[in-house]
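[1] Sequence unavailable; structure follows:
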């Protein structure tokens, strides 16, 4: 009989992490490898793909070195096909690629709006469809999208990002309902405030001070603190969980008055 601990093991499974070469995506990719999975971290910059692949191999896991762009479905299909050919299966997807831009909504160009939505929403949709297909065929799989606090609350002057992350939450629930009868769970992690390349400018601005005040733990998260949530949702320990947003935010959303 499987123990509670053994149900958290990812040994023998194969994971793909899109947007897996920096920030939260990279931390999750390496965390899945630590939990026993073979991991393919893919993103646009080949040099970073190679770096993460080397880190995965140092953990004794198999990987591939393939760049991709979530806005280009064909590039994701190439990664999927190579993964199936070289590693034999595909069990876990973490869709972590995202961009943001802070600008007053009235001043945002149509092109910049579309660029954020193409990456964050359509890119997530592409990844779920492309990598979800073999999971549906084999009758099992775990898909984890990366939502945001902005999936649930508004932030000043990031309307495109906020709209995109609300859409990711909705897409997660829709796919969970559609694919649950076929053995594939779909959940989201909603990180709180973590210092990454994506938000470093915000962290170092007056907005960062406000975000810190609104976080009851009185600190920002370390990207490694998201890893446990990802391992859990990717594992058999979460076999009856689907359509959920797991918030990892140091108490931000629970917060009312903090002083």
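    Yep, that arrived. From a predicted model like this one, the values you see are computed outputs, not experimental measurements.
[2] any idea which element the residue nearest to residue 218 when sequence neighbours are not counted lies in?
    Closest residue in space to residue 218, ignoring its immediate chain neighbours: residue 212 at 6.8 Å, by CB to CB, 6 or more residues apart in numbering. (Each C-beta comes from the backbone N, C-alpha and C, glycine too.) According to DSSP states H and E, residue 212 maps onto helix 206-213.
[3] Return the distance of that helix from the chain's centre.
    Centroid separation for helix 206-213 versus its chain: 24 Å, with CA atoms, centre = their mean, to the nearest Å.
[4] packing partners for that helix?
    Packing partners of helix 206-213 (3 or more CB pairs under 8 Å, 6 or more residues apart in numbering; DSSP states H and E): helix 200-203.
[5] For the helix it packs on, name the packing helices and strands.
    helix 206-213.
[6] could you point out which element follows the helix it packs on?
    For helix 206-213, the following helix or strand on the C-terminal side (DSSP H and E) is helix 227-234.
[7] one step back: tell me which residues are up against the helix holding residue 212.
    Defining contact as CB atoms under 8 Å, 6 or more residues apart in numbering, one finds that helix 206-213 is touched by 156, 193, 202, 203, 218, 219, 220, 252, 258, 259.
[8] List the contacts of stretch 72-85.
    14, 16, 18, 40, 42, 64, 66-70, 90, 126-127, 129-131, 133-134.
[9] again, 7 Å this time
    Stretch 72-85 is contacted by residues 14, 16, 40, 42, 64, 66, 68-70, 90, 126-127, 130-131, 134 when judged by CB atoms under 7 Å, 6 or more residues apart in numbering.
[10] Cross those against helices and list the overlap.
    126, 127, 130, 131, 134 (DSSP state H).
[11] from those residues, which two are the most distant?
    Using CB to CB, those span at most 14.8 Å, a distance reached by 126 and 134.
[12] Which one's more surrounded, these two?
    residue 126 (24 against 17; other CB atoms under 10 Å).
[13] hmm, back to that, now for the contacts of stretch 72-85, which sits with the most neighbours around it?
    Busiest of those [other CB under 10 Å] is residue 42, holding 34 neighbours.
[14] Mind listing the residues bridging to that one?
    Beta-bridge partners for residue 42, by DSSP bridges, are residue 18.
[15] how far away is residue 72 from residue 81?
    14 Å (CB to CB, to the nearest Å).
[16] quick one, strands of the stretch 1-150 of the chain?
    Assigned by DSSP state E, counting those that start in this stretch, the stretch 1-150 of the chain shows strands spanning 14-18, 38-42, 92-95, 141-146.
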